[in-house]
Each structure stands twice: as C-alpha cells, then as structure tokens.
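*Asks:* Return atomic coordinates for the entry below.
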Amino acid sequence: MEFRQLRSFVRVVELSSMGRAAGELGIATSTLSQQIGQLESELATCLLERRSTGVFPTEAGLKFWHMAQVILRGVDAAATIAQKGRFSGQVSVGMASTTAAVLAVPLLNAMRERYPSIRIKLVEGLTSYLTGLLNARQLDFALVFDGSQNSRWSNTPIVDERLFLISRLDAPGFPSALANARTVRMSQIWDLPLIMPGARHALRELLTASLSAFDRTPNIAIEIEGAHSLMHAVNAGLGATIQPGAALSMLNQNGTSKGARALRALPIEDSAMRRRCVLACVSDDELSPAGLATRVVLTQVARALAHTDEWRGAIAL
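*Replies:* Got it, this is the predicted structure:
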C-alpha cells in the first residue's frame, strides 16, 4: 500500500467522481482506476461502488476513508515537523562590505521568504579576515575573490566584477578629457590622486599589479580602510577611487548623498582590472541542511542581481 493510493482514494470519495479526482491529481482516469483497483485487491475488499450519480464508498470504504484521512494527516504533520527541524538553526555567511552593499538585503529577504526558520549571521570583512574565519570553521561559507581560495574548500565561481573609476568631476586632479568619456584605461589615469584602502587590501594589490605593467605605482592621496567611509569621501569630492560597481550601492540609489553632485563611474577597459567573486565553503559533508539550502539561495540571488544589472558591472558565471 502506498501513500499515493491513499491520497487518490480519499480524493475520489471527497469528489464522488473518478474523472474530477483524476483531473485534480494530474493523472489519467485509467491510471486512477488502476490505483483504486490495486488497493481493493490488496485489501480483498470493495471500497467503491459506481452509481449513475457518481462514485461512492461502500460501508468498508467509508471506514477505510476515515482511517486514511487520519493516516495522511499524520504523515503531513510529520513531514512539516521534519522540514522545520531540517531547515532551521543558524548559518554564518561572510562577504566584503562592497558585496554586502548590493547582496545582503536581497539575500535576507529571499531567505525570510523561503526558509523563515533559518537564522542568517552575516559577517562583513576583508577577504583575508573572512578566509581566516572560514579556515577556523567560524563561517559556513564566504564570498571571496579569485586567488584567495583554499584547495580544501568547495569553490563555486559566482560573478566576475568589472572595476570602475569613481569620482566627482571636480575631484582633485580629475582629467577634464574624461568628463564625457564612457570608459577609461589605466594608461589614462596612472597619475590620478586616488582614495584607496591600505596596501594589504586585495583591491589595492590588484591596482598595484596593473600599474606595474607601465612601470608606475599608484598615486595614493588618501588611505581609508572602511569601504563606507571611503565612498563618502569620494562622494564629498576629496578624490577619485577604483572600486567595483557594487560600491555605489553604499550611497543613495542615484549614487549621491543629499546636496552632493553626481558621481561618474567609468568602467575600466583593462582586462586585468576585473576580479572573480567565488563562493567558498567547507565541504558539503560539513554543511548542515540549512547551510546547503542557504548556499543555493545565495547563488541564485547573486546571479539574478548580475543578470538584471542591479549588481553593477557584475557578469554572472
């Protein structure tokens, strides 16, 4: 005896019709009739009788119908309890502040809608900090950048991020020739005073490596470690910066603060000025069911943001 046979029998009794029940169950009437026939054969009892006005349970069928309902309610309740127990608990997720600016709220909203019993612990920090937490098993997974993965982790490429020159037109040293430009190359801005994080930051290292091809070093006017403070300094006209497009989400939706002039965000054409965002996590064997579910949702949300260009400059992989 199978649960699908019980569900089919119960629906036939409720609707008094084989045809209507088959339609609701999404199966052919002949298939439904076979299921009921197999059930009657197994029980060696006639459960239904056909009349001109429909299909009705026999005396044995009516008693069986009542018990079948009790059984199915118990099965459904058990499944609900199991699912709630399975998809519950805390899942810790790490990501850079710029990534969190565009991804955190959509991820939290999606998790609340799909798995409300799972608690998300979101940790922001530099890639080096996040990788340390991941190695110490203090994170379930983290979005890190290409080159920082560990072979012991499970690594899934999520997006490639294009980097931008972000500045106000009146920022110190901003080239007037770029006022109407749509893109920019590093050879055009190698001497531009920049606001950047410290030398150990992965983005700063990428910038230094890119300029080394021109035998140049970055012209760092101001160092700011915090991404939010850095972007507000740029927005205040204190200098230009090189950041992923997601950094613009740290400001108002139009990329400005109240009373400030609009920022320009020019995509950098140099192929070296891109970075890959990778979802790194402990092995699947170590992830809880809640962790596995959260990983799927995070991947879907991140790629959807890239496809709709809400994650500016990101290319879904």
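
*Asks:* how close does the residue of the chain positioned farthest from its centre sit to G239?
*Replies:* Relative to the centre of the chain, and counting by C-alpha atoms, centre = their mean, the farthest-placed residue is S52 at 55.5 Å. Per C-beta to C-beta, to the nearest Å, S52 is found 87 Å from G239. Yep, even glycine has a C-beta here, placed from its N, CA and C like the rest.

*Asks:* got a pLDDT number for the closest residue to L178 other than its chain neighbours?
*Replies:* For L178, ignoring the flanking residues on the chain, the nearest one in space by C-beta to C-beta, 6 or more residues apart in numbering is V184 at 6.0 Å. Note on V184: pLDDT of 96.

*Asks:* dump the residue contacts of H307.
*Replies:* A316 (C-beta atoms under 8 Å, 6 or more residues apart in numbering).

*Asks:* Do a quick rundown of the strands in the stretch 101-250 of the chain.
*Replies:* 118-124, 141-145, 154-167, 194-196, 220-223, 241-244 (DSSP state E, counting those that start in this stretch).

*Asks:* what's in contact with the fourth one?
*Replies:* To tie it back to what came earlier, the one meant is strand 194-196. 203-204, 207, 218-224, 230, 233-234, 238-242.

*Asks:* just how off-centre is it within its chain?
*Replies:* 30 Å (C-alpha atoms, centre = their mean, to the nearest Å).

*Asks:* could you give the mean pLDDT of that strand?
*Replies:* For strand 194-196, the mean per-residue pLDDT is 97.

*Asks:* Now do the helices in the stretch 1-150 of the chain.
*Replies:* Applying DSSP state H, counting those that start in this stretch to the stretch 1-150 of the chain gives helices spanning 3-15, 18-25, 29-43, 59-86, 97-114, 127-135.

*Asks:* Show me what the shortest one is in contact with.
*Replies:* Contacting residues not belonging to helix 18-25 are listed as 7-8, 11-12, 14-15, 28-29, 31-33, 36, 55 [C-beta under 8 Å, 6+ apart].

*Asks:* Taking the residues you listed, tell me the two that lie furthest apart.
*Replies:* Between any two of the contacts of helix 18-25, the greatest separation by C-beta to C-beta is 19.2 Å, found for E14 and A28.

*Asks:* what's the distance between W311 and R162?
*Replies:* According to C-beta to C-beta, W311 stands 11 Å off from R162.

*Asks:* Are there residues contacting both of these two? Which ones?
*Replies:* Jointly contacting W311 and R162 under the rule C-beta under 8 Å, 6+ apart are G245.

*Asks:* The two: who's more crowded?
*Replies:* The neighbour count for W311 versus R162, taken as other C-beta atoms under 10 Å, is higher for W311 (28 against 19).

*Asks:* Run through the residues that contact the residue lying closest to that one once chain neighbours are set aside.
*Replies:* Nearest non-adjacent residue to W311, counting by C-beta to C-beta, 6+ apart: L305, 4.0 Å away. Contacts for L305 (C-beta under 8 Å, 6+ apart) come out as 102-103, 106, 311, 314.

*Asks:* And R137, by the same measure?
*Replies:* Neighbour list for R137: 282, 286 [criterion: C-beta under 8 Å, 6+ apart].

*Asks:* Model confidence at it, what's the number?
*Replies:* Reported pLDDT for R137: 87.

*Asks:* For E286, see how far away it is.
*Replies:* For R137, the distance to E286 equals 8 Å [C-beta to C-beta].

*Asks:* Torsion angles phi and psi at T294?
*Replies:* Taking degrees, to the nearest 10, you get phi -70, psi -40 for the backbone angles of T294.

*Asks:* For beta bridges, what are the partners of the closest residue to it other than its chain neighbours?
*Replies:* Leaving out its chain neighbours, the residue that sits closest to T294 by C-beta to C-beta, 6+ apart is V91, at 4.5 Å. Using DSSP bridges, the bridge partners assigned to V91 are I120.

*Asks:* Number of residues surrounding V91?
*Replies:* Per other C-beta under 10 Å, the neighbour tally for V91 reads 25.

*Asks:* Check Q90 too.
*Replies:* Q90: 12 surrounding residues under other C-beta under 10 Å.

*Asks:* give me every residue that touches it.
*Replies:* If you count contacts by C-beta under 8 Å, 6+ apart, Q90 has them with 118-121, 290.

*Asks:* now with 10 Å?
*Replies:* Applying C-beta atoms under 10 Å, 6 or more residues apart in numbering to Q90 gives the contacts 118-121, 140, 288, 290-291.
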